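[1] Show me the folded form of this:
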Amino acid sequence: MSASKNEKRWGREQISVWLSARRKAQLREVAAQLPSGATPADALDRALDLATMPILAPRPDAGEDFNSFEETSDIARLEAKLLAAIELNHEKTALISQRMEQRLDAVSLRVQRIDSRMSAALDSEFDGHATPDFSVSGVQAIGEWLRGQQQATGVAVKKSALVRASWRAKTRVVDGILALDFHCKLAAIDGVRLSQPIAPTLARVQISDSDGPLSQVDSIGDVVFVCEALGGCGWKITFHPIGSDGKAARSIGSIKC
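    Residues are numbered from 1 along each chain as shown. Below is the predicted model of the structure:
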């Protein structure tokens with residue numbers, strides 16, 4: 001087709017276009033996005049608007065309307081601002097992290113000081129509870145005490161014995177181990193109460209959990225020891241606080257000796 005004939009066609013006020021099935025389907029898709037009642041001409045106008053709308057790149061026929069240097073400068077400035085914002089955010093994050101580390105160090109130092117003070121206070125408390133009369137050499141261990149009670153009564157413990165005990169002293173033997181001294185009175189053997197009770201005497205119980213509930217037995221008051229015989233291999237002693245009604249409450253712990 002010659003250029004002159006093509007130019008004549010573009011010079012016409014009305015142009016007839018053959019709508020193939022594909023073109024018609026595409027125009028219908030465009031018309032579907034328009035208000036109800038859109039005509040083929042409306043769809044064609046919309047298609048032309050979409051085709052000639054500049055998005056990110058200039059139209060091929062934009063010519064002098066598009067200043068690539070200005071656009072590039074704008075992008076460069078935007079990029080510089082973005083990088084500066086990122087760098088500032090990194091600096092703020094590093095500063096916050098540094099301040100948090102400093103605060104954690106300060107808290108750690110405080111905790112160490114508090115721990116030292118608490119340890120000193122506990123040592124002082126234990127020293128105040130110990131008395132010369134309750135020395136290690138002067139107080140029997142609970143196992144020895146029970147054997148002595150069996151000899152004194154002439155009755156052997158086959159299953160268990162009940163002992164009523166009142167706390168008297170608490171002493172730290174070594175780190176993590178406490179010695180608890182009680183005024184103990186044998187009350188029953190294998191479920192039978194003693195007809196002639198023996199006068200209370202001192203007995204010592206050692207516990208390895210210095211932070212457990214048994215270490216606080218001095219604040220509870222009187223307790224009942226349920227002493228189970230372990231077939232000649234020692235004893236299992238369970239601690240039961242005595243309630244205001246005079247009855248043994250739920251166990252707060254046990255030891256083996």
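[2] least trustworthy helix or strand in the chain by mean pLDDT?
    Ranking every helix and strand in the chain by mean pLDDT, DSSP states H and E puts helix 68-129 at the bottom, with a mean of 68.
[3] Quick check: next helix or strand after it?
    The first helix or strand that comes after helix 68-129 along the chain, using DSSP states H and E, is strand 140-141.
[4] List the contacts of that following strand.
    The contact list for strand 140-141, computed with CB atoms under 8 Å, 6 or more residues apart in numbering, reads 148, 201, 202, 203, 204, 205, 206, 257. (Glycine included, C-beta is placed from N, CA and C.)
[5] ditto for stretch 239-247
    Residues external to stretch 239-247 that are found in contact with it (CB under 8 Å, 6+ apart): 164, 214, 217, 220-226, 248-254.
[6] Give me the PyMOL select line for the residues you listed, limited to the buried ones.
    Provided next is the PyMOL selection string for whichever of the contacts of stretch 239-247 are buried by 16 or more other CB atoms under 10 Å:
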select buried, resi 164+214+217+222+223+224+225+226+248+252
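[7] The contacts of stretch 239-247 in strands, which ones?
    164, 222, 223, 224, 225, 226, 253, 254 (DSSP state E).
[8] quick check, nearest of the residues you listed to residue 197?
    residue 164 (9.6 Å; CB to CB).
[9] which residues does that closest one contact?
    Applying CB under 8 Å, 6+ apart, we find residue 164 in contact with 184, 185, 187, 222, 223, 224, 225, 242.
[10] roughly how far apart are it and residue 223?
    Going from residue 164 to residue 223 by CB to CB, to the nearest Å gives 8 Å.
[11] Identify the residue nearest the geometric centre of the protein.
    Nearest to the mean C-alpha position of the chain, by CA atoms, centre = their mean, lies residue 104 at 17.6 Å.
[12] Next, count neighbours for residue 190.
    Per other CB atoms under 10 Å, the neighbour tally for residue 190 reads 13.
[13] Hmm, it is touching residue 157, no?
    Yes: in this structure, residue 190 is within contact of residue 157 by CB atoms under 8 Å, at 6.6 Å.
[14] so residue 204 is in which element?
    According to DSSP H and E, residue 204 maps onto strand 201-207.
[15] buried sites along that strand?
    For strand 201-207, burial by neighbour count (16+ other CB under 10 Å) applies to 201, 202, 203, 204, 205, 207.
[16] cool, and stretch 28-35?
    Neighbour-count burial for stretch 28-35, counted by 16+ other CB under 10 Å, picks out 30, 31.
[17] how distant is it from the center of its chain?
    Its chain's C-alpha centre and that of stretch 28-35 lie 57 Å apart, by CA atoms, centre = their mean, to the nearest Å.
[18] got a list of contacts for it?
    Residues contacting stretch 28-35 (CB under 8 Å, 6+ apart): 38, 39, 40, 42, 43, 46, 47, 50.
[19] repeat that with 6 Å
    With CB atoms under 6 Å, 6 or more residues apart in numbering as the test, stretch 28-35 has contacts from 38, 42, 43, 46, 47.
[20] Can I get these in CSV including pLDDT, neighbour count and secondary structure?
    Listed next are the contacts of stretch 28-35 as CSV, based on pLDDT from 0 to 100; neighbours: other CB atoms under 10 Å; DSSP: H, G, I helix; E, B strand; the rest coil:
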residue, pLDDT, neighbour count, secondary structure
38, 85, 17, coil
42, 86, 15, helix
43, 83, 20, helix
46, 84, 16, helix
47, 83, 16, helix
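[21] which one of the residues you listed is nearest residue 175?
    Using CB to CB, those come closest to residue 175 at residue 46, 86.9 Å.
[22] who touches that closest one in this structure?
    residue 30.
[23] cool, and residue 151?
    Residue 151 sits in contact with no residue, where contact means CB under 6 Å, 6+ apart.
[24] How much space separates the closest residue to residue 204 other than its chain neighbours from residue 176?
    Among residues not flanking residue 204 along the chain, residue 139 sits closest, at 4.5 Å (CB to CB, 6 or more residues apart in numbering). Distance of residue 139 to residue 176, given as CB to CB: 20 Å.
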